[in-house]
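A.B. asks: sequence plus the predicted model coming up.
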Amino acid sequence: MIRRLAVMAAVLVSACLAPVAQAQQPQQVVNVFNWNDYIDPYMVQRFVRETGIRVRYDIYDSLETLEGRMSAGRTGYDIVVPTSEPTFSRLARAGAFRPLDRSLIPNLANIDPALQQQVASSDPENRFGALYLYGTIGLGINVDRVRALAPDAPMDSLRLMLDPANARRLQRCGIVMMDSASDVIPMVLRYLGKDPNSTSPEDLRDVERTLMTIRPFIRAFSSGGVIEALAGGQFCMAFAYSGDVIQAAARAEEANRGVNIQYIAPREGAQLWFDLLAIPADAPNPAAAHAFINFLLQPDVMANITNHVRYPNGVPASRPLVAPEVANDPSVFPTEEMRARFFTIGAVPQAAERARNRVWARFKAGR
Amino acid sequence: MKGRLGRAIVLALPWSWMALFFVVPFLIVLTIAFAEPSEGLPPYTPLLRWSEEGGPVIQLNLANFRLFLEDPFYLEAGLRSLRVAAISATLCLLIGYPMALAIARAPERWRATLLMLVILPFWTSFLLRITAWIGILQDQGWLNSALMALGVIREPLRLLYTDFALYIGITYCYLPFMVLPLYATLSKLDPALLEAAEDLGARPWRAFLQVTLPLSMPGVVAGFLLVFIPVVGEFVIPELLGGPGAQLIGRVLWTEFFQNRDWPLASALAVVLLMILVAPIALFQARAAREGR
């Protein structure tokens, strides 16, 4: 599960937002490890101003980076933001997180109880995680070019990519596949009318067969750069995270070069994921970590973050404060009808995971 | 007696360095290779356990090594990596040898500058240089734009995410590792030898083949190994420039470690890879030692 940018972007850009705070006696520091482009930087500054706690901010671009570090232990981070499945649930079972002290985070009450309940499938009783942002996986398309090449193709369905007849026509303008077995395979299972958590070898074979039919038409597997590739017109269709596509759409609009990007949450069902704020079991400063989580969960802070990163948050009270063009965009805040078609995934055993990754390796190699 | 002590102290430094930064990490990897994956922190079982009677029990899990023999997936990726490394090292040699020779034969005052130019790319980040190649090779990149502006092609050539891009990136990045050892041997060649060859009637081409080339063989072998060995495990360049079909062993190792979270299998793979790569170096060293005598 790699999100955007190159494998080593974290090393390159390692953003260090550490404004000097008014010196209070023993300077407190909270060490945050978050996705790239996943916060409004002004909110970090505001946290420093309001609490006097310094923020050492570090970023990653893939769950593998985060999980690799967390598995080795002693990361030195106070806050990490893993995705519910597979990373969060796995790390939670391995005992990598400290339970949240609810008395220190009164703003937990701001989170939508319905969403909390969905999160609980990965985090029983919401013990370790506080919902930060969430989103879906679907297709990002360059509307005009896709219409021109495949005028009769359904514009709200995964068939746009997974039906070889459509993929064949669209290969000319460039198809990019997200390089993430754990994200794509459940979607394909669902597309085939099967249980997205299925680990049965027959189902997996069907998935492989489906993927192989479109393999010749895929130009690249992205471990990053989807936003730039879509916005710049390098590709006209991408299997991608909702927020990435929406950011690409915003960037294309700014560039004003006639590129019109749209996000599609497929009607067959879109995988829903949650990014959760969690505190590592060996966090050096858990008190500051709790303060940071409590700060983020304020409605106006969350509204600013959603405006900036274009992913919906789990705090309903933030909704009126979100900029109207973001709040009314159904690909950011999905309608009830769309939400009914979203699905969540659970953990699969390690052997099944290797089988999935093996299918994926064959798919990528095209053999 | 005193001299021997001094010698021991001097030798202790590189040996302890090797022990600390090569042997110890290798032993750690080796122990993980014999463990079993588990859901925990760290994600593998300890080798040493205490039995119920209180005695220590060591459990070696050989399944990882067996898997390499049973599952052709690993062998294929390994062979592909060796092939890519051999082709890249050959390309580097073909480009690097004339460069090194030209620098070695250049006037004395120019040499330092020319060598500097070879090393200069190292001053920018390796990643930035690879990213620059993406900018050059992509569909709307500089190369395609230039070719289209010149009217050579109508539609952009597909260059990025192909083996072509992969070899460009690797050759470009590893060329200095070829040029420097070659230069080191070539610059030490006695020009009198070539003059003698000329006096005896050898044409320049023949003098090169019979005098320069054989005498520069140590540099050729050193440069070849310096390119070949790291390229076998190269992970970043194939990932950024290569096509999706190019599943090299570095990527396979990454997948086992990060995606399948099977640290023992990944470690076993690393151990096998190391063994395969250590063999040619040991051979080369043995030969060099024999020649040195």
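C.D. replies: Done, it's in. Numbers count the residues shown, from 1 in each chain, chains lettered A, B, ... in the order given.

A.B. asks: what ranges do the helices span in the stretch 101-250 of chain B?
C.D. replies: Taking DSSP state H, counting those that start in this stretch, the helices of the stretch 101-250 of chain B run over residues B:108-119, B:126-137, B:142-149, B:163-186, B:191-199, B:204-207, B:213-215, B:217-232, B:236-241, B:249-254.

A.B. asks: so which of the ones you listed is the most surrounded?
C.D. replies: helix B:236-241 (a mean of 23; mean count of other Cβ atoms under 10 Å in any protein chain shown). Glycine gets a C-beta too; all of them are placed from N, C-alpha and C.

A.B. asks: next, count neighbours for the residue in the stretch 101-250 of chain B positioned nearest to chain A.
C.D. replies: Minimum separation of the stretch 101-250 of chain B from chain A (Cβ to the nearest Cβ) falls at B:Pro244, amounting to 4.4 Å. B:Pro244: 19 surrounding residues under other Cβ atoms under 10 Å in any protein chain shown.

A.B. asks: what about A:Ser222, how many neighbours?
C.D. replies: Neighbours around A:Ser222, by other Cβ under 10 Å: 24.

A.B. asks: try B:Gly55
C.D. replies: Neighbour number of B:Gly55 under other Cβ under 10 Å is 8.

A.B. asks: which parts of the stretch 51-200 of chain B sit against chain A?
C.D. replies: Within the stretch 51-200 of chain B, the positions near chain A by Cβ under 8 Å from any Cβ of the partner chain are B:73, B:125, B:127-128, B:131, B:138-140, B:158, B:161.

A.B. asks: re earlier: reformat the helices of the stretch 101-250 of chain B as JSON lines; add distance to A:Val48 and mean pLDDT.
C.D. replies: Shown next, in JSON lines, are the helices of the stretch 101-250 of chain B (distance: least, Cβ to Cβ, whole Å; pLDDT from 0 to 100):
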{"stretch": "helix B:108-119", "distance to A:Val48": "42", "mean pLDDT": "92"}
{"stretch": "helix B:126-137", "distance to A:Val48": "30", "mean pLDDT": "91"}
{"stretch": "helix B:142-149", "distance to A:Val48": "42", "mean pLDDT": "91"}
{"stretch": "helix B:163-186", "distance to A:Val48": "40", "mean pLDDT": "94"}
{"stretch": "helix B:191-199", "distance to A:Val48": "67", "mean pLDDT": "89"}
{"stretch": "helix B:204-207", "distance to A:Val48": "70", "mean pLDDT": "88"}
{"stretch": "helix B:213-215", "distance to A:Val48": "65", "mean pLDDT": "92"}
{"stretch": "helix B:217-232", "distance to A:Val48": "43", "mean pLDDT": "92"}
{"stretch": "helix B:236-241", "distance to A:Val48": "35", "mean pLDDT": "88"}
{"stretch": "helix B:249-254", "distance to A:Val48": "36", "mean pLDDT": "88"}
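
A.B. asks: now whichever residue of the stretch 151-293 of chain B sits closest to chain A: closest residue in space, sequence neighbours ignored.
C.D. replies: Closest contact between the stretch 151-293 of chain B and chain A, by Cβ to the nearest Cβ, is at B:Phe258 (3.5 Å). Of all residues not flanking B:Phe258 in the chain, A:Glu64 sits nearest, at 3.5 Å (Cβ to Cβ, 6 or more residues apart in numbering or on different chains).

A.B. asks: verify the assumption that the residue of the stretch 151-293 of chain B closest to chain A is located in a helix.
C.D. replies: Yes - assessed with DSSP: H, G, I helix; E, B strand; the rest coil, B:Phe258 lies in a helix.

A.B. asks: correct me if wrong: it contacts A:Leu66.
C.D. replies: No - using Cβ atoms under 8 Å, B:Phe258 is not in contact with A:Leu66, being 9.9 Å away.

A.B. asks: these two - which one has more neighbours?
C.D. replies: Set B:Phe258 next to A:Leu66 and count neighbours by other Cβ under 10 Å: A:Leu66 wins out with 26 against 21.

A.B. asks: look up how far chain B lies from that one.
C.D. replies: 10 Å (Cβ to the nearest Cβ, to the nearest Å).

A.B. asks: try A:Leu100
C.D. replies: Separation of A:Leu100 from chain B (Cβ to the nearest Cβ): 19 Å.

A.B. asks: let me know the pLDDT of A:Phe235.
C.D. replies: A:Phe235 carries a pLDDT value of 89.

A.B. asks: A:Arg46: how many residues sit nearby?
C.D. replies: 16.

A.B. asks: what's near enough to touch it?
C.D. replies: A:Val301 (Cβ atoms under 8 Å, 6 or more residues apart in numbering or on different chains).

A.B. asks: taking the stretch 1-150 of chain A, what residue is nearest to chain B?
C.D. replies: Across the stretch 1-150 of chain A, no residue is closer to chain B than A:Glu64, which sits at 3.5 Å (Cβ to the nearest Cβ).

A.B. asks: how would you label that residue: helix, strand or coil?
C.D. replies: Classified using three-state DSSP, A:Glu64 is helix.

A.B. asks: how about the residues of the stretch 151-300 of chain A near chain B?
C.D. replies: Counting by Cβ under 8 Å from any Cβ, the stretch 151-300 of chain A comes close to chain B at A:174, A:181-182, A:218-221, A:223, A:232-234.

A.B. asks: try 10 Å
C.D. replies: A:172, A:174, A:176-177, A:179-182, A:215, A:218-221, A:223-225, A:229, A:232-235, A:281-282 (Cβ under 10 Å from any Cβ of the partner chain).

A.B. asks: which of these fall in strands?
C.D. replies: A:176-177, A:220-221 (DSSP state E).

A.B. asks: can you flag the buried ones in these?
C.D. replies: A:176-177, A:220-221 (16 or more other Cβ atoms under 10 Å in any protein chain shown).

A.B. asks: a markdown table for those, including pLDDT?
C.D. replies: A markdown table is the format used below for these (pLDDT from 0 to 100):
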| residue | pLDDT |
| --- | --- |
| A:Val176 | 92 |
| A:Met177 | 92 |
| A:Ala220 | 83 |
| A:Phe221 | 84 |
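
A.B. asks: what about A:Gly232, how many neighbours?
C.D. replies: A:Gly232, neighbours per other Cβ under 10 Å, totals 18.

A.B. asks: give me the pLDDT for it.
C.D. replies: 83.

A.B. asks: contact partners for it?
C.D. replies: A:225, A:248, A:251-252, A:255, A:257, A:259, B:138-140 (Cβ atoms under 10 Å, 6 or more residues apart in numbering or on different chains).

A.B. asks: if we can go back for a sec, just the buried members of the residues of the stretch 151-300 of chain A next to chain B?
C.D. replies: So, by 16+ other Cβ under 10 Å, the buried ones in these are A:174, A:176-177, A:179-182, A:215, A:218-221, A:223-225, A:229, A:232-235, A:281-282.

A.B. asks: what's the distance between B:Asn64 and chain A?
C.D. replies: Going from B:Asn64 to chain A by Cβ to the nearest Cβ gives 12 Å.

A.B. asks: dump the residue contacts of residue 93.
C.D. replies: Because you didn't say which chain, this covers chain A. Here A:Arg93 is in contact with A:347, B:39-40 (Cβ under 10 Å, 6+ apart).

A.B. asks: look at chain B instead
C.D. replies: B:100, B:175, B:178, B:182, B:220, B:223-224, B:227.

A.B. asks: and the two most separated of those residues?
C.D. replies: B:Leu175 and B:Val220 (14.3 Å; Cβ to Cβ).

A.B. asks: all strands for chain A, in order.
C.D. replies: So, for chain A - with DSSP E - the strands run A:29-35, A:54-60, A:79-80, A:97-98, A:130-142, A:175-178, A:220-222, A:237-241, A:261-264, A:270-277, A:279-280, A:342-343.

A.B. asks: next up, the contacts around the most centrally placed residue in chain B.
C.D. replies: Closest to where the C-alpha atoms of chain B average out (Cα atoms, centre = their mean) is B:Pro230, at 1.8 Å. B:Pro230 sits next to B:85, B:88, B:170, B:173-174, B:177, B:250, B:277 when contact means Cβ under 10 Å, 6+ apart.
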